[in-house]
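Novice: just the structure for this:
(chains A and B)
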Number of protein chains: 2
Amino acid sequence: MNDKIIILGMENYLKIISKEEEIPLRTLKDLFLKGEMVIFKNLRGKPLGIGKNLNVKVNANLGTSPEICDIEWERRKLKEAIKAGTDTIMDLSTEGDLDRIRKMFLEESNVPVGTVPIYQAVVETVRKEGALFKMKAKKIFEVIERHAKDGVDFVTVHCGVNKKLLEEMRNNSRIMDMVSRGGAFHITWMVATGKENPLFENYDDLLAIAKEYNLVLSLGDGFRPGALEDANDKLQMEELLVVGELVEKAREEGVQVIVEGPGHVPLNEIEANVLLEKKICKGAPYYVLGPLVTDIALGYDHISAAIGGAIAGKAGADFLCYVTPGEHLRLPTPEDVREGVIAARIAAHAADIARGKKSAKEWDRKLSVFRKNRDWEKEIQSSLFPERAREIWEESKPLHPGVCTMCGEYCSLKLVEEWLKKK
Amino acid sequence: MNDKIIILGMENYLKIISKEEEIPLRTLKDLFLKGEMVIFKNLRGKPLGIGKNLNVKVNANLGTSPEICDIEWERRKLKEAIKAGTDTIMDLSTEGDLDRIRKMFLEESNVPVGTVPIYQAVVETVRKEGALFKMKAKKIFEVIERHAKDGVDFVTVHCGVNKKLLEEMRNNSRIMDMVSRGGAFHITWMVATGKENPLFENYDDLLAIAKEYNLVLSLGDGFRPGALEDANDKLQMEELLVVGELVEKAREEGVQVIVEGPGHVPLNEIEANVLLEKKICKGAPYYVLGPLVTDIALGYDHISAAIGGAIAGKAGADFLCYVTPGEHLRLPTPEDVREGVIAARIAAHAADIARGKKSAKEWDRKLSVFRKNRDWEKEIQSSLFPERAREIWEESKPLHPGVCTMCGEYCSLKLVEEWLKKK
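Specialist: The predicted structure follows:
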């Protein structure tokens, strides 16, 4: 990466992130130049760093669907996501006035905003031309540039879904061939037209847009596994190898890039998957969806994802896309969004502690001292999501002061304090 | 362990468990004789195996407290726990007619029941004599025998909390000296009377009762860490060393024994903790509380525990005590119980898959095939807790058949099926 070009104007962002993450500026600059960390510039708030040695970040997917399209509902979801402490949001809308919805998210979000431009390219084509396959290749680039101009910080682009992999897919024996929506759009277009994926074929054009607007590319994993049994299979690995090459090309052009990952992965295969991404993609920040450690937790996939996310984070994943309790069942409600963000934040925080982040450990220590002193108010206030903790506490206030309804007067902390005179 | 004595009458149980767990009878018998798996005889239902190579099991703690004592509420919690699929329950009651409450749990539970007899010994002493420290040593053994006679399957006994460790505790620099309620009862009694813990001093008497009733001893960890910073410290390790010796003595007497573990443990220290228990306690089944991977997830500790439990299970822990969303805040409600059991079951199942259990993998595969075929009804029915999955589904029924409200007509599975003619 060309130091001079890319550092120009980034110095300020690096300083802010250096303070935020408690990482020396020199170390951070080094990580940035190597491409092991990226910066979402976020012109509407604070810049955000994602990558090696940094705190693990959390993303919340929002946006309309053909089934439920209500901009006010999306606004409420955005508020819940931000209140619950998400680090970024993505607008995945596929219905309604997509430009207007995106602008709403950009205006009202103080955290970085990402999008998946292929969605809008497809939706507008279907509306105008009646069918997805009538989409012109240049349409995709036009929409990406439109998003970049609006100030979007990062875009998911399924550049690795190429013709070679399409042929592999026809003959594979996966349970679920493809669960990526963006990936499926590209595949159907490629099948119908017989052409190569424009984002793969004309990757240089994409890099030119990204460079002009300092847009971070998030290289999507169209072949991410949608079932445990499909994890780390040939299709997924072949796409990762393609993506690894695209990462290097992006760096040559001074374009910031992160890599997307699964999906459904057994507990004992997560570490290997993360290590592989870091190896093949030369340390590019890894953005994982979950991973879900079981396929059966319908209605509770946020918990399945929290397990996988924590393990991935410890192994080196840098950015966790939340999964909500509504996953596999519905477009998330505001409550789903809140629960999804909180579960992902628990995973990210647990990983931060395992990664040795001082400030993360200090948070736990501080709360535990309040807990030891049975200072319920301060304990609640310093917890991850005080609103819910307070609700539970208020619903079951103890008759006796200084204890909770679990043990009452038989509180172990109280007994030890009284009998050993330790406080 | 003396083969003849212990196998007598256990042959039948081993056969049932062998089928249930898909483990050859010879292998199972071997594990049982080595003490690497135990059997809860459960005279009111099916016997349950816990230990190496078996599926990871889940326990739900129930019971009254001095603050909330309502036997009907406890009955409701029992029903929720069983409906949510718990493998065992424990009655931790400390208020009301304790004999009656225990009998209710025993009568109405079809899963094995455990207790912590020191609670009743203390409560009855306080009621009769006015103070905990007036408890007679023999009182503890009398209550244990009472529970055993009633048909309790396993009891937590804090045998490792001895005078030597009490002295260590006075001088340690932990954040939280002791968070175990049973441990705190023993400690306060020892401080007040100057005597040794009767369960440590007269361990042989305990073994005699356990042997007579084929009662499984669960060696409690009085010094389990209550904060991440206290994990794997000197106090915890010293107690583990004491417990390791007690395990060997129990085996010499043909008494079945499991070992209890933490508590609050950083993500990156869980595996070491499990390996250590297996080493020091010569492969005794490990029964962990959580572990919680952060102290700050107040109101969401079931998620924190699911992360830790899954990792512990993969590393070799055999039995997960649930943690509910009410942990650290209140006696759990029926809803807390349900959510706690489900979160622990997700962790146990994810660990089972990682441990290579075929039936666990098969469950995920089956559901994923229904998902691929977009057979929503069968997918929901075969999920972990269909009731909640159905609720979410019903709340957001799609306008178009064969998709959900997340992607609607842009469903990736549908697109790929249509365009690649793959089904």
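Novice: any idea how far residue A:343 lies from residue A:291?
Specialist: Plainly put, residue A:343 is 13 Å away from residue A:291 if you go by CB to CB, to the nearest Å. The way it works is simple: take the backbone N, C-alpha and C, and place the C-beta from them, glycine included.
Novice: whoops, residue A:389 was the one
Specialist: 28 Å.
Novice: which one's more surrounded, these two?
Specialist: residue A:291 (31 against 25; other CB atoms under 10 Å in any protein chain shown).
Novice: middle-most residue in chain A, spatially?
Specialist: residue A:321 (2.9 Å; CA atoms, centre = their mean).
Novice: does that one touch residue A:292 like I think?
Specialist: No - the criterion here is CB atoms under 8 Å, and residue A:321 misses it with residue A:292 at 11.3 Å.
Novice: how about residue A:387, what does it touch?
Specialist: By CB atoms under 8 Å, 6 or more residues apart in numbering or on different chains, no residues touch residue A:387.
Novice: the lowest-mean-pLDDT helix or strand in chain A: what's the following helix or strand?
Specialist: Every helix and strand of chain A was ranked by mean pLDDT, DSSP states H and E. The lowest is helix A:3-7, at a mean of 52. For helix A:3-7, the following helix or strand on the C-terminal side (DSSP states H and E) is helix A:11-21.
Novice: ok, then the element right after that next one?
Specialist: Assigned by DSSP H and E, the successor of helix A:11-21 is helix A:25-34.
Novice: what score does the closest residue to residue A:277 other than its chain neighbours have for pLDDT?
Specialist: In space, and not counting its chain neighbours, residue A:277 is closest to residue A:286: 4.9 Å by CB to CB, 6 or more residues apart in numbering or on different chains. On pLDDT, residue A:286 comes in at 98.
Novice: ok, now residue A:144?
Specialist: 98.
Novice: hang on, the earlier thing: common neighbours of residue A:343 and residue A:291, please.
Specialist: Common contacts of residue A:343 and residue A:291, defined by CB under 8 Å, 6+ apart, comprise residue A:305.
Novice: thought residue A:181 was touching residue A:226, still the case?
Specialist: No - between residue A:226 and residue A:181 there is no contact under CB under 8 Å: 11.3 Å.
Novice: can you pull the buried residues of stretch A:392-400?
Specialist: Residues of stretch A:392-400 classed as buried under the neighbour-count rule (16 or more other CB atoms under 10 Å in any protein chain shown) are A:392-393, A:396, A:398.
Novice: tell me where the stretch 51-200 of chain A has strands.
Specialist: Using DSSP state E, counting those that start in this stretch, the strands found in the stretch 51-200 of chain A span residues A:57-62, A:88-91, A:113-115, A:154-157.
Novice: which strands or helices does the second one pack on?
Specialist: Same thing as strand A:88-91. Contacts defined by 3 or more CB pairs under 8 Å, 6 or more residues apart in numbering or on different chains; DSSP states H and E place strand A:88-91 against strand A:57-62, helix A:71-83, helix A:98-108, strand A:113-115.
Novice: neighbouring strands for that strand, and are they parallel or not?
Specialist: strand A:57-62 (parallel), strand A:113-115 (parallel) (DSSP bridges).
Novice: roughly how far out does it sit from the chain middle?
Specialist: Relative to its chain's centre, strand A:88-91 lies at 8 Å (CA atoms, centre = their mean, to the nearest Å).
Novice: just the C-alpha atoms of it, please, in PDB.
Specialist: Presented in PDB, the C-alpha positions along strand A:88-91 are these (Å, rounded to 0.1, in the frame of the first residue of the first chain):
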ATOM      1  CA  THR A  88     -22.100   0.000  13.100                       C
ATOM      2  CA  ILE A  89     -25.300  -0.600  11.200                       C
ATOM      3  CA  MET A  90     -26.000  -1.900   7.800                       C
ATOM      4  CA  ASP A  91     -29.000  -1.000   5.600                       C
END
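Novice: per-residue pLDDT, residue A:172?
Specialist: Residue A:172 is given a pLDDT of 87.
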